[in-house]
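Here is my input; please provide its structure:
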Amino acid sequence: MMEGTTSNDLSLNTQGVLIAKPIIVIAEDSRVQGKVLQQRLIAAGYDAHVGLNGSLAFELVNQHRPCVVVSDIEMPVMTGYDLCRSIKNDPELRQIPVILLSTLADAEDIIRGLDVGADNYITKPYDTGYLISRIEALRSTPLLDSEEETSNTEISVTLSGRTYKVKSGRQQTLNLLVSTFENAVAKNKELHRSNEQLILAKEKLSAWNSQLESLNQKLKSLNDRMAYDLEAAAKVQKSLLPNEPIDCPEVTIVWDYLPCEELAGDFLNYAKLDDHTLALYVVDVSGHGPASALLAVAVGRVMSPEVSATSLLVRFDPFTGKRVVTPPVTVVTELNRRFPMESQGGLHLTILYGLLDLRTKLFRYACAGHPQPVLQTPGKPAAFTDGEGLAVGWFEDVEFDEFSVQLAPGDRLYLYSDGIPEALDADLEELTSERMLRELDNSRSQPLAGQVSYLRSVVDKWCQPKGPRDDVSILAIEIND
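Just a heads-up that it's a prediction; the model follows:
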């Protein structure tokens, strides 16, 4: 039987003849790496056995007499150097080639390999195909057990302050140096490839940086333009809000407005349409951002108190030469006709529009999908007035109803957006209409301006830490004595 084989290592070739499978012993303390290398060697036609340290591997060498030993260097119990020395010091085993594997790559490691009689040296990580080629090379040039190989002169080598006694024969020394040279050449080629890839990556990175700089400049220009447009749009939107007090001693008017974004969909206003009629309204366009803000501006333009061809609030009677105030239901109906949801990108709006007769203090209003007004009479709890209806733009030919409430001196009337009762806290819990009414009752003793400011602070506190997620609008009046 051939050296390096056992009776269990025989297999039939294609002609049905028994052939010996060469045996490899692997010394590797990593179970994963040892198993992977074992499977690769088996796939290459070898019978491979793994020892998890140098001592166990030495037992396998004695048991199987392999054709080659492949050993890691850093292992517990017995290192790869010690394993190699044990094999080379045994007369019956010394002809078995030993390949050392290690992540180490110092010149001292090569000398230590020569010192213990190693035949090949390969650094990790390694290519399995290259390892198998070294195994085949060692098998094709077996060591000679001649006087020339066993009785050579001992050579002293000093490296890094340490002296090594090298007794390896010429063939072993040549094998080890050749493998070291091949290893260095392979690493050098790998380094060259890495350098080439690095240079290519650097060139690409430079090109990308140039493109990025150009894109950043374009982005800055677009951002500057967008900031300018947003600022201009915000100024236009602010024109929809009350901009100066009106001469109306019959009532006290207080308002507050907090957009959740730079451009909002809510707006409110009030205006005297004639000597005894005060118009009040709060509008809430669905959504947020530029699209909602543009629709809000368009609606605000037709809500102008000035007589014009587009204004819905007042018109000029050519027969009497007087201003004619448009009833609330007519205003809301016309808004529904002019702004259908299909032509507004799916956006709709809610509105509460009313007229206060400054002589009788009767407030007539229409409610289109908007929260009902809140009436606060002295000595009574705050309560909702009547009011319901579909949002503007949902359907054509909708009939809206008119509601009215008789006010008296000391009464307060609140018009507001759903950003108050539907304000969300950190746990996404709503403020609710009931809590809003309680807060109005709690602050009834304050002047109207103080009460509006208090209600705003309630919403701010409720929405912490992120602040309101919807626009907040408040328009309140108090009937004076």
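
Any idea how many residues pack against residue 40?
15 (other C-beta atoms under 10 Å). For the C-beta atoms, the positions are set from N, CA and C on the backbone; glycine is no exception.

That one contacts residue 126, correct?
No: contact criterion C-beta atoms under 8 Å: residue 40 and residue 126 do not qualify, at 11.1 Å.

For the stretch 251-400 of the chain, which segments are assigned as strands?
Listed in chain order, the strands of the stretch 251-400 of the chain (DSSP state E, counting those that start in this stretch) span 251-258, 266-274, 277-285, 314-317, 322-325, 349-357, 362-368, 374-376, 383-384.

Take those and write them to a markdown table, including mean neighbour count, mean pLDDT and distance to residue 77.
Below are the strands of the stretch 251-400 of the chain laid out as a markdown table (neighbours: other C-beta atoms under 10 Å; pLDDT from 0 to 100; distance: least, C-beta to C-beta, whole Å):
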| stretch | mean neighbour count | mean pLDDT | distance to residue 77 |
| --- | --- | --- | --- |
| strand 251-258 | 18 | 93 | 75 |
| strand 266-274 | 20 | 90 | 79 |
| strand 277-285 | 24 | 93 | 80 |
| strand 314-317 | 14 | 85 | 102 |
| strand 322-325 | 14 | 88 | 103 |
| strand 349-357 | 24 | 95 | 82 |
| strand 362-368 | 23 | 96 | 88 |
| strand 374-376 | 20 | 96 | 86 |
| strand 383-384 | 13 | 96 | 87 |
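
Make JSON lines from the ones you listed and add distance to residue 90 to it.
Shown next, in JSON lines, are those (distance: least, C-beta to C-beta, whole Å):
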{"stretch": "strand 251-258", "distance to residue 90": "91"}
{"stretch": "strand 266-274", "distance to residue 90": "93"}
{"stretch": "strand 277-285", "distance to residue 90": "93"}
{"stretch": "strand 314-317", "distance to residue 90": "116"}
{"stretch": "strand 322-325", "distance to residue 90": "117"}
{"stretch": "strand 349-357", "distance to residue 90": "96"}
{"stretch": "strand 362-368", "distance to residue 90": "102"}
{"stretch": "strand 374-376", "distance to residue 90": "102"}
{"stretch": "strand 383-384", "distance to residue 90": "102"}
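
quick one: which of those is nearest residue 331?
For residue 331, the closest of the strands of the stretch 251-400 of the chain is strand 349-357, at 5.4 Å, according to C-beta to C-beta.

what angle separates that closest one from strand 266-274?
30 degrees (axes from the mean of the first three to the mean of the last three C-alpha atoms, to 10 degrees).

So for residue 219, which of the strands of the stretch 251-400 of the chain sits nearest?
strand 277-285 (29.3 Å).

so what does the closest one touch, helix or strand wise?
Where contact means 3 or more C-beta pairs under 8 Å, 6 or more residues apart in numbering; DSSP states H and E, strand 277-285 is packed against strand 266-274, helix 290-302, strand 349-357, strand 412-416, strand 472-479.

So residue 19 lies in a strand, does it not?
Yes: with DSSP: H, G, I helix; E, B strand; the rest coil as the criterion, residue 19 is part of a strand.

one step back: including distance to residue 373, could the helices and strands packed on strand 277-285 go into CSV?
As requested, the helices and strands packed on strand 277-285 are exported to CSV (distance: least, C-beta to C-beta, whole Å):
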stretch, distance to residue 373
strand 266-274, 13
helix 290-302, 20
strand 349-357, 7
strand 412-416, 6
strand 472-479, 10
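
And these: which comes nearest residue 437?
Going by C-beta to C-beta, the one of the helices and strands packed on strand 277-285 nearest residue 437 is strand 412-416, 9.8 Å.

which parts of the closest one are buried?
For strand 412-416, burial by neighbour count (16 or more other C-beta atoms under 10 Å) applies to 412-416.

Got the confidence number for residue 177?
Residue 177 carries a pLDDT value of 62.

got it, and residue 214?
87.

surely residue 301 meets residue 308?
No: contact criterion C-beta under 8 Å: residue 301 and residue 308 do not qualify, at 9.3 Å.

Determine the number of other residues adjacent to the nearest residue in space to residue 366 that is not next to it in sequence.
Of all residues not flanking residue 366 in the chain, residue 328 sits nearest, at 4.0 Å (C-beta to C-beta, 6 or more residues apart in numbering). By the criterion of other C-beta under 10 Å, residue 328 has 27 neighbours.

Then residue 291?
Residue 291: 17 neighbours (other C-beta under 10 Å).

next one: residue 288
19.

again with residue 127
For residue 127, using other C-beta under 10 Å, the count is 10.

mind checking how far it is from residue 134?
11 Å (C-beta to C-beta, to the nearest Å).

Then residue 335?
88 Å.

re the thing from before, among the helices and strands packed on strand 277-285, which is nearest residue 81?
Per C-beta to C-beta, nearest to residue 81 of the helices and strands packed on strand 277-285: helix 290-302, 74.7 Å.

which helices and strands sit right next to that closest one?
Packed next to helix 290-302, using 3+ C-beta pairs under 8 Å, 6+ apart, are helix 170-238, strand 266-274, strand 277-285, helix 328-338, strand 349-357.

Next, the buried residues of it.
291-297, 299-300, 302.

Report the distance from stretch 47-62 to the chain centre.
51 Å (C-alpha atoms, centre = their mean, to the nearest Å).

count of residues packed around residue 204?
Neighbours of residue 204 (other C-beta under 10 Å): 10.
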